[in-house]
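Q: Structural data only, the sequence is not supplied:
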């Protein structure tokens, strides 16, 4: 009845509705285009030093070997599985890994939108978060991408999506989603162990939510239900580790995994803690995360700080902030502030930053459409102030322009120049590989002294030693030998 009696919308109101709809469509199109451009840039990235290591370990694994025993590295085993999958699907070139990386970026963007719709009041926050996260990822360039954190970040977001599904499901359905949630965080832990800690945090949060729900409904909290939810996440999280240990045991390489990850690697970590304090390391970690890589992130966090009391999903925002805290703590404990170590943290950070930016824009637009537009332009301008390309002197825009100009070009020297930094020269590596192919037989094992394991793969020659780079031989703590471990 009220609808029938209501006055028809005025022309001004209709015009405002149409303008808002056009703004939403325009923003969505621009966001998708920006994400797609970042994916295009990532697809042009070539080998870095670490990527060459992962590819070579994957090659030996697919040939029947095992990481650590047949090809040495001290990264967790998850990244070798990713490279082995890419190699099995697409062949030995780096392009196959970049296909999986672009797919991971797309899944991360989907997950950010899904989480924003569920917790933060709409897709706009998720789309903006995906734009920021994708751009920062492309900004890291070839050296700091296709790393364990790259894929661990996607698994983390999927774990949070599964957590949300468990919250909305029946008790039986929630059990399945919680096990999946734990498994996803367990897989993330195989990329980088601290990422599994977020799963523990999510399990505790889910258990506490069940407790609060019972109290709010006037029921006596069921302790068994709370413990069950925490245990389901824990069981799911333990499953990937158990299966990985079983696989290494079946290959007779469980001892090698233990020796590398639990003996060699802790000594490597200790180096950076000499003369350092926990407080100084923690301060440095927080400052680097928030201020070093993106002015868009910093602006977004400032906006979030002044609007959080009006933002929906405060509990979820606190959970994401806690997950970021777990990541920062892991990086500080590792004491190696390499740029790619933040790869899994940037998507979560982008979600919080986008929440603040969208909320301030909404408040500005409520006062005036022009004020909302002015804020959007100002935010865009501030976002371009700091967009460094780590390890390179170029800005993100300059570096991207060089890559886009070479698309479709067969100029190998120019592409190699974009894949070279410091003492790594892609053209020289390619030349050495060509020399080996011309002066050795296909079955001749070779040994490359130094830190260029990609040469083995480019030359397609067997390894003369499992030590595919010389860090173990140069590490003072690994110069001896034990009956159970060969000389490093």
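A: Good, I have the coordinates. This structure is a prediction, so every number in the text was calculated from the model and none was measured. Numbers count the residues shown, from 1 in each chain.

Q: tell me the contacts of the nearest residue to residue 340 once chain neighbours are set aside?
A: Using Cβ to Cβ, 6 or more residues apart in numbering and skipping residues adjacent in sequence, the residue nearest residue 340 is residue 144, 3.8 Å away. Every residue, glycine included, has its C-beta placed from N, CA and C. By Cβ atoms under 8 Å, 6 or more residues apart in numbering, the residues touching residue 144 are 48, 338-340, 343, 390-391.

Q: mind redoing it with 7 Å?
A: Contacts for residue 144 (Cβ atoms under 7 Å, 6 or more residues apart in numbering) come out as 339-340, 390.

Q: Just among those, which is most surrounded?
A: The member of the contacts of residue 144 that has the most neighbours, counting by other Cβ atoms under 10 Å, is residue 339 with 21 neighbours.

Q: Which secondary structure state is assigned to the closest residue to that one other than its chain neighbours?
A: Distances taken as Cβ to Cβ, 6+ apart place residue 390 nearest to residue 339, at 3.9 Å, with adjacent residues excluded. Per DSSP: H, G, I helix; E, B strand; the rest coil, the secondary structure class of residue 390 is coil.

Q: looking at this protein, which helix or strand does the model trust least?
A: Here the helix or strand of the chain ranked lowest by mean pLDDT, DSSP states H and E is helix 2-5, holding a mean of 47.

Q: and the helix or strand just after that helix, which residues are buried?
A: Using DSSP states H and E, the helix or strand that follows helix 2-5 in sequence is helix 11-43. Buried residues in helix 11-43, defined by neighbour count with 16 or more other Cβ atoms under 10 Å: 27, 31, 34-35, 37-39, 41-43.

Q: Now distance to residue 292 too, for the residues you listed, in CSV please.
A: Formatted as CSV, the buried residues of helix 11-43 follow (distance: Cβ to Cβ, whole Å):
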residue, distance to residue 292
27, 28
31, 25
34, 22
35, 23
37, 23
38, 19
39, 24
41, 20
42, 20
43, 26
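
Q: and those, which two are the farthest apart?
A: Maximum pairwise distance among the buried residues of helix 11-43 (Cβ to Cβ): 24.7 Å, between 27 and 43.

Q: Where does pLDDT dip in the stretch 151-300 of the chain?
A: Residue ranges of the stretch 151-300 of the chain with pLDDT under 70: 217.

Q: Helices of that one, residue ranges please.
A: 171-191, 196-216, 223-250, 254-259, 265-273, 278-291, 295-307 (DSSP state H, counting those that start in this stretch).

Q: which one of those helices lies closest to residue 374?
A: Of all the helices of the stretch 151-300 of the chain, helix 295-307 comes closest under Cβ to Cβ, at 14.5 Å.

Q: Other residues contacting that closest one?
A: Against helix 295-307 from outside (Cβ under 7 Å, 6+ apart): 132, 290-291, 349-350, 352-357, 359-360, 363, 379, 382-383, 385-386.

Q: Need the residues that contact the helix or strand that that helix is followed by.
A: Using DSSP H and E, the helix or strand that follows helix 295-307 in sequence is helix 314-334. With contact meaning Cβ under 7 Å, 6+ apart, helix 314-334 is reached by 119, 194, 197-198, 201, 205, 269, 281-282, 285-286, 289, 308, 311, 337, 341, 344-345, 348-349, 351-352, 355.

Q: same question, stretch 235-244
A: For stretch 235-244, contacts defined as Cβ under 7 Å, 6+ apart pick out 77, 178-183, 185-187, 190, 196, 199.

Q: any chance of the residues you listed in JSON lines, plus distance to residue 238 and neighbour count?
A: As requested, the contacts of stretch 235-244 are exported to JSON lines (distance: Cβ to Cβ, whole Å; neighbours: other Cβ atoms under 10 Å):
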{"residue": "77", "distance to residue 238": "15", "neighbour count": "24"}
{"residue": "178", "distance to residue 238": "13", "neighbour count": "29"}
{"residue": "179", "distance to residue 238": "10", "neighbour count": "20"}
{"residue": "180", "distance to residue 238": "14", "neighbour count": "20"}
{"residue": "181", "distance to residue 238": "13", "neighbour count": "28"}
{"residue": "182", "distance to residue 238": "8", "neighbour count": "29"}
{"residue": "183", "distance to residue 238": "9", "neighbour count": "23"}
{"residue": "185", "distance to residue 238": "10", "neighbour count": "31"}
{"residue": "186", "distance to residue 238": "7", "neighbour count": "27"}
{"residue": "187", "distance to residue 238": "12", "neighbour count": "27"}
{"residue": "190", "distance to residue 238": "12", "neighbour count": "24"}
{"residue": "196", "distance to residue 238": "9", "neighbour count": "27"}
{"residue": "199", "distance to residue 238": "10", "neighbour count": "29"}
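
Q: where do the helices sit along the stretch 351-488 of the chain?
A: Under DSSP H, counting those that start in this stretch, the stretch 351-488 of the chain gives helices at 369-383, 396-406, 412-418, 426-439, 454-459, 471-474.

Q: Tell me which of those is the most buried.
A: The highest mean neighbour count among the helices of the stretch 351-488 of the chain, using mean count of other Cβ atoms under 10 Å, belongs to helix 454-459: a mean of 24.

Q: which other helices and strands contact that one?
A: Secondary-structure packing of helix 454-459 (3 or more Cβ pairs under 7 Å, 6 or more residues apart in numbering; DSSP states H and E): helix 49-62, helix 426-439.

Q: With residue 398 as the reference, name the closest of the ones you listed.
A: For the helices and strands packed on helix 454-459, proximity to residue 398 was assessed by Cβ to Cβ; helix 426-439 is nearest, at 19.3 Å.

Q: chain center to that closest one: distance?
A: 33 Å (Cα atoms, centre = their mean, to the nearest Å).

Q: Check which helices and strands it sits against.
A: helix 412-418, helix 454-459.

Q: and of those, who's closest to residue 221?
A: Nearest to residue 221, of the helices and strands packed on helix 426-439 and by Cβ to Cβ, is helix 454-459 at 56.4 Å.

Q: one step back: looking at the helices and strands packed on helix 426-439, which is closest to residue 233?
A: helix 454-459 (38.5 Å).

Q: quick check: mean pLDDT across that closest one?
A: When pLDDT is averaged along helix 454-459, the result is 95.

Q: which other residues reach it?
A: The contact list for helix 454-459 (Cβ under 7 Å, 6+ apart) reads 47, 52, 55-56, 59, 92, 429-430, 432-433, 436-437, 446, 448, 463, 468.

Q: repeat that with 8 Å
A: By Cβ under 8 Å, 6+ apart, helix 454-459 touches 47, 49, 51-53, 55-56, 59, 92, 429-430, 432-434, 436-437, 440, 446, 448, 463, 468.

Q: And stretch 428-435, by the same measure?
A: 412, 416, 448, 452, 454-455, 458-459.

Q: so can I have a markdown table of those showing distance to residue 301?
A: Putting the contacts of stretch 428-435 into a markdown table (distance: Cβ to Cβ, whole Å) gives the following:
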| residue | distance to residue 301 |
| --- | --- |
| 412 | 42 |
| 416 | 38 |
| 448 | 45 |
| 452 | 40 |
| 454 | 38 |
| 455 | 43 |
| 458 | 43 |
| 459 | 47 |
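
Q: and of the residues you listed, the nearest to residue 154?
A: Taking Cβ to Cβ as the measure, residue 154 lies nearest residue 454 of the contacts of stretch 428-435, at 24.8 Å.
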